[in-house]
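Q: dropping the sequence and predicted coords here.
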Amino acid sequence: MNSASVRSDIFAVWILMHGYQESDTKNLGVLDPLVPSVARRFLMVVDRSNVTSPGQKPRILLFKEVPL
């Protein structure tokens, strides 16, 4: 019948951002880990149900910083 679909128009996106300063990268040995000065994680909920043609943008329902 094609009246039902399992495709979703709402998605959850997790974003992990790392920020580095020049001092984070100086004097590192080959086996030394690269540790960021700033590390943050975000959750974004995107609704694309209103997107019907190219160039339209989805709605952002939630954009929130969450603990690491």
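A: On my side now, so go ahead. Numbers count the residues shown, from 1 in each chain.

Q: secondary structure class for residue 23?
A: Classification of residue 23 by DSSP: H, G, I helix; E, B strand; the rest coil places it in helix.

Q: again with residue 45
A: Assignment for residue 45 (three-state DSSP): strand.

Q: over to residue 62?
A: Taking three-state DSSP, the label given to residue 62 is strand.

Q: residues near it, how many?
A: 12 (other Cβ atoms under 10 Å). All C-beta spots, glycine's among them, are computed from the backbone N, C-alpha and C.

Q: so where do the strands sit in this protein?
A: Residue ranges of the strands in the chain, as given by DSSP state E, are 10-19, 38-47, 59-66.

Q: what's the closest of the ones you listed to residue 26?
A: strand 10-19 (15.8 Å; Cβ to Cβ).

Q: quick check: angle from that closest one to strand 59-66?
A: Relative orientation of strand 10-19 versus strand 59-66 (axes from the mean of the first three to the mean of the last three Cα atoms, to 10 degrees): 40 degrees.

Q: counting by contacts, list what strand 10-19 packs against.
A: Using 3 or more Cβ pairs under 8 Å, 6 or more residues apart in numbering; DSSP states H and E, the elements in contact with strand 10-19 are strand 38-47.

Q: residue contacts, the closest residue to residue 59 other than its chain neighbours?
A: Excluding its sequence neighbours, the residue lying closest to residue 59 (Cβ to Cβ, 6 or more residues apart in numbering) is residue 47, at 4.6 Å. Contacts for residue 47 (Cβ atoms under 8 Å, 6 or more residues apart in numbering) come out as 9, 10, 58, 59, 60, 61.
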